[in-house]
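K.L.:
show me how the following folds:
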Amino acid sequence: MSQRRIYAAAIAVVLVGGASARADDILYFVDASTSTDRMAQALATFAGTHNVTSTNNTTTFINQLATGNYELAIFFEQSSNGANYDASIAALGAYIDGGGRGILTDWTRNNTHAAQFDASFTGGGTNKTSFTVTNPSLATGLSNPVSLTNPGWGVFSTEVNGANVAATFTGGQGAIVVGNGNRSIMNGFLGDTFTTGATGVQLYRNEINFVLSGGSVGNDAVVTPLPVAVWGGLALFGTVGASRLRRRRPKTV
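P.N.:
Residues are numbered from 1 along each chain as shown. Down below sits the predicted model:
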């Protein structure tokens, strides 16, 4: 085989198999859950595909995000609020502005937070109990409408608006807003409020794949830049093989 054909075959290996060649790192913050955390369950299904770091400490979240090691950051403000939360979401907004990907849930209806996700709160319409996912990619594997149940929160869902509404509550107001060129999602409901748990897990899996892939859901998405080793010929194969071995189980910090 000619050297040119060897290089072409090497590039094809990365383009076709690249999604399995490298695990994405995901940072997840949630301050509290009253019932089962469906986002945590969704993240657990990616074990071996994505590396997950979980925390309930805002300072840890900011410090971890500052490392630059994460392809996706998820922040669920479900129970508390305050300056530390404002700082965390500001850091998340800066990370997204720099090309990162994020998913946000915020019970406080703080429009400064929402604006960083190209969204806003309507100022009313709380505690809605069902929504319909209208974005085809996010609706993959779901049965509409999605039903919500309050496990004990004062505010467990709230209407959100934006230019790219991906799901609507009964009555027509937004339940999910996509922003930042398909790299961010703002949810108008908490992570432990799904009447059917499997539905919540599937929706969150769809959201994770959607933002990692920049707007589609199919096979589990992985953000994989083309390795420089491609241009070095046969050295590529050793690079790909080694990266497949560097998989970590989800961890908590």
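K.L.:
what's the local residue count around the residue lying closest to T149 once chain neighbours are set aside?
P.N.:
For T149, ignoring the flanking residues on the chain, the nearest one in space by CB to CB, 6 or more residues apart in numbering is T195 at 4.6 Å. Just so you know, the C-beta spots here come from the backbone N, C-alpha and C atoms, and that holds for glycine as well. When neighbours are counted by other CB atoms under 10 Å, T195 registers 12.
K.L.:
so who does T195 touch?
P.N.:
S147, L148, T149 (CB atoms under 8 Å, 6 or more residues apart in numbering).
K.L.:
got the residues you listed as a markdown table, with distance to F29 and pLDDT columns?
P.N.:
Listed next are those as a markdown table, based on distance: CB to CB, whole Å; pLDDT from 0 to 100:
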| residue | distance to F29 | pLDDT |
| --- | --- | --- |
| S147 | 26 | 98 |
| L148 | 22 | 98 |
| T149 | 23 | 97 |
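K.L.:
secondary structure element for the nearest residue to M39 once chain neighbours are set aside?
P.N.:
Of all residues not flanking M39 in the chain, G191 sits nearest, at 4.4 Å (CB to CB, 6+ apart). Following DSSP states H and E, there is no helix or strand that holds G191.
K.L.:
count of neighbours near G191?
P.N.:
When neighbours are counted by other CB under 10 Å, G191 registers 23.
K.L.:
was I right about it contacting Q41?
P.N.:
No: taking contacts as CB atoms under 8 Å, G191 lies outside contact range of Q41: 9.3 Å.
K.L.:
which neighbours do these two have in common?
P.N.:
G200, Y204.
K.L.:
assign F29 to helix, strand or coil.
P.N.:
Under DSSP: H, G, I helix; E, B strand; the rest coil, F29 falls in the strand class.
K.L.:
that one touches N56, doesn't it?
P.N.:
Yes: contact criterion CB under 8 Å: F29 and N56 qualify, at 6.8 Å.
K.L.:
neighbour count winner among the two?
P.N.:
Per other CB under 10 Å, whichever of F29 and N56 has more neighbours is F29, with 24 against 17.
K.L.:
what is the neighbour count of the closest residue to that one other than its chain neighbours?
P.N.:
The spatial neighbour of F29 that comes closest, neighbours along the chain excluded (CB to CB, 6+ apart), is F61 at 4.4 Å. Counted with other CB under 10 Å, the neighbours of F61 add up to 28.
K.L.:
cool, and T126?
P.N.:
Neighbours of T126 using other CB under 10 Å come to 16.
K.L.:
that one reaches V155, doesn't it?
P.N.:
Yes: counting by CB under 8 Å, T126 touches V155, with 5.2 Å between them.
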